[in-house]
Every structure is written in C-alpha cells, then in structure tokens.
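1. A predicted structure for the sequence below; I have some questions about it.
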Amino acid sequence: MTKSIILEPKGPYDLALSLRAIAGFGTETREEPDLYRAAVRVGGKPCLMQVREASRKPLRLEATFQPAQPPAKMRETAEWIMHTDLDLRRFYRLVRERPVVGPIAKSLYGLKAMRTASLFVMAVTAITEQQISLAAAYSIRQRMIERYGEPVDGLWAFPSPEALAALSIKDLKDCGLSGRKAEYIIGLSQRIVEGSLELDEMKSMSDEDARNFCMAIRGLGPWAADYLLIRGLGRADVVPAEDLGLQKLIGFYMGNGERMTTPQVREAMMPLAPYRGLAAFYLMVDYRLNHR
DNA sequence: TACCAGGTAAAAA
DNA sequence: TTTTTACATGGT
C-alpha cells in the first residue's frame, strides 16, 4: 500500500511561512523549516503524518503517513489539516486597500493556519486553556498527554476519547486540572465514546449553528465555542472576541494600544467580514514574528 | 509574596 | 433574574 498522496491546494500557500508562524504552538506537531510533522489519529489509530512541498508552479504538497493508511483516509485527513480548500486570493482582494491588515496580508502572502486533526483535540485543549495562562495550560496538558496519549516517533498522539473517558476525576486532577475541568473532559469523552455526541456534525453546519452546538456541551462556553470554530473548524469569519489575547492584539493594531472590550473587538473587526477570523490570525502572526 | 493569566457553571442574593 | 464565587499551575 502506498503511503504518500499529493495535495493540490487552491491558491497561494507558503508552507515554510505557515510553519514558522506556528512554531512552538503544539505538542502533537513539530515544525522544521520545510517539513510539517504531526501525530494524528486515523480511524482511532495513531500515526505520523509528514507534509512537505513536492513542487512549486503548480504548488503540490506531498503527505506521507506512517504506517500507511487507505488513500481516501490519508487524503481526507491531510486536506483537512492543511486547509487545502481555503483560497486566500479572495481574502487578499478584500483587505488589499485596508489599513493595517492590507500591508500585513501582503507581507505574509501564502500564510495559512493548519487545523487540528480532530475537533476532540481542540475541545479538550480549549477546556485546559480556560482562565489560566497558556503556559500553565500547556504544562498541564503535557502531563495529560504523556500519561494518557501514545508516543509516535518522538511526538505524542493526543489521548483518545476512550482513554480519557475511562479516567477518574483524580487522575486528571493529578495532571494539574481543576476538578471542574476534569469533569468537563471526562463527560465530553464519555458522550463521544457512547455515541451521544458527534463533534464532526459541526463540519456541515453554519457558523451560528456550530457555535450553538458547542455551547450546548457542558464545559464549553462562548469563548471555547469561538475558539473551536476558528482553530478546530478553521472558520475564516469567526473571531473569539471574548479572548484576552485577542483583545490585547486588536487593541494594539486597531486601537490605542490598550486592551479592548469584547464589543470593541467585534466592532473593530466588522469591516473584515467574511474573513474576520483569518484577518485576526494574520495580525497574531505578524505580532509573533515582528513585535515580540 | 502576591497577583494575574487567551472562562465556566453553579451557588447565592 | 442578576451577581458572586471557586477553581488549578506558571510566570513575574
């Protein structure tokens, strides 16, 4: 069985830039200058996915899976993660004449955000990141991953819903989570395992419906819903306006430098519809690369 | 040492 | 119905 497939992304896509932009973000991924490596699950089984540029003009990406998976599964997984269906040209046309975002979009030409392999990963990640600093959340999550995930060639496949559903509150508290968050994560995992919740249903929903779907899940509020929509689903128009980091970011680029309120963020991003979330991502990357 | 950090659900008023 | 509270670790 062949273990590689070729992807043909729509429009511009600078893989090296996109890797640089997210360097140091996650644990299930590792970034080298020209190679994206991620521990993903295909059909529940952990495997290593590696993506590199196969050709320019026309741009083609090669995705390799170890162990090899059915071609249709490899394609579906890689296209989802790499966001090949997103055509940046329409976004660039929209922001070309706009102050701040226009020049930044031009300087980051070809930048895309990778998605997480599964919405479950993103949902659990969002729960861990509630209220406490990203650094604290990272170390808590890392303990959880190394205890209950699976090693994949130097990376860690995120714990499966089955693995987390079987844990006790104490198991997760011992990783550093609050009792409340432990309940959220175990409850979410159990619903997925027993089949009463299918997060992938959101893939075919409107932004609004998907947001409501999220918020109906115990442990996911408005912030987590928006966070999951933009980062997990890759919805280009979604802005987590409740997000502390984003409030500071938008205040820096489009305000007086002070942190904005939630309504202020919403208002400031309004002209960038239907690419508000993508625009915010470009600002975040510009900040990470040029102002830190 | 405090205090804040990319929130949320449940209790109390 | 609206307001207040408890919560975990890491950085400064």
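-> Received the coordinates, thanks. Bear in mind that the values here come from a model prediction, so they are computed numbers and not experimental data.

2. What helix or strand is residue A:13 located in?
-> Residue A:13 is part of no helix or strand, with elements assigned from DSSP states H and E.

3. Phi and psi next, for it.
-> With angles defined as degrees, to the nearest 10, residue A:13 sits at phi -160, psi 110.

4. and it, what is it in contact with?
-> Residues in contact with residue A:13 (Cβ atoms under 8 Å, 6 or more residues apart in numbering) are A:59, A:61, A:84, A:88, A:110, A:112. Where C-beta positions appear, they are placed from N, C-alpha and C, glycine not excepted.

5. how about CSV for the residues you listed, with secondary structure, neighbour count and pLDDT added?
-> Shown next, in CSV, are those (DSSP: H, G, I helix; E, B strand; the rest coil; neighbours: other Cβ atoms under 10 Å; pLDDT from 0 to 100):
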residue, secondary structure, neighbour count, pLDDT
A:59, coil, 19, 95
A:61, strand, 21, 98
A:84, coil, 20, 97
A:88, helix, 23, 98
A:110, coil, 16, 98
A:112, coil, 23, 97
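
6. show me what contacts the residue of the stretch 1-150 of chain A found nearest DNA strand C?
-> Nearest residue of the stretch 1-150 of chain A to DNA strand C (Cβ to the nearest atom of the strand) works out as residue A:136 at 2.8 Å. Applying Cβ under 8 Å, 6+ apart to residue A:136 gives the contacts residue A:176.

7. Same check on residue A:222?
-> Residues in contact with residue A:222 (Cβ under 8 Å, 6+ apart) are A:215, A:242.

8. nearest to DNA strand B, of the contacts of residue A:13?
-> Each of the contacts of residue A:13 was scored against DNA strand B by Cβ to the nearest atom of the strand, and residue A:112 proved nearest at 16.7 Å.

9. Can you report phi and psi for the closest one?
-> Residue A:112 adopts backbone torsions of phi -130, psi 160, taken as degrees, to the nearest 10.

10. quick one on the thing from earlier: now the residue of the stretch 1-150 of chain A closest to DNA strand C: how far from residue A:103?
-> Distance, residue A:136 to residue A:103, using Cβ to Cβ, to the nearest Å: 35 Å.

11. next one: residue A:260
-> Distance of residue A:260 to residue A:103, computed by Cβ to Cβ: 21 Å.

12. What of residue A:74?
-> Counting by Cβ to Cβ, the gap from residue A:74 to residue A:103 is 38 Å.

13. These two - which one has more neighbours?
-> residue A:74 (23 against 13; other Cβ atoms under 10 Å).

14. right, and the more buried one touches residue A:62 too?
-> No: look at residue A:74 against residue A:62 with Cβ atoms under 8 Å: they stay out of range, at 10.9 Å.

15. Which residues are in contact with each of those two?
-> With contacts taken as Cβ under 8 Å, 6+ apart, residue A:74 and residue A:62 have residue A:5 as neighbours in common.

16. Quickly name whichever of the contacts of residue A:13 is closest to residue A:227.
-> Set against residue A:227, the nearest of these by Cβ to Cβ is residue A:112 (18.1 Å).

17. ok now do that closest one, which residues does it touch?
-> Residue A:112 neighbours (Cβ under 8 Å, 6+ apart): A:13, A:18, A:82, A:83, A:86, A:88.

18. do that again at 6 Å, thanks
-> A:13, A:18, A:83 (Cβ atoms under 6 Å, 6 or more residues apart in numbering).

19. show me where chain A has strands.
-> Counting by DSSP state E, one finds strands in chain A at the ranges A:4-7, A:29-32, A:35-42, A:45-55, A:60-66, A:150-152, A:155-157.

20. for the ones you listed, which one sits closest to DNA strand B?
-> Once those are compared by Cβ to the nearest atom of the strand, strand A:29-32 is nearest, at 15.2 Å.

21. Distance to DNA strand B added to the strands of chain A, as JSON lines?
-> Below are the strands of chain A laid out as JSON lines (distance: least, Cβ to the nearest atom of the strand, whole Å):
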{"stretch": "strand A:4-7", "distance to DNA strand B": "27"}
{"stretch": "strand A:29-32", "distance to DNA strand B": "15"}
{"stretch": "strand A:35-42", "distance to DNA strand B": "19"}
{"stretch": "strand A:45-55", "distance to DNA strand B": "23"}
{"stretch": "strand A:60-66", "distance to DNA strand B": "26"}
{"stretch": "strand A:150-152", "distance to DNA strand B": "25"}
{"stretch": "strand A:155-157", "distance to DNA strand B": "20"}
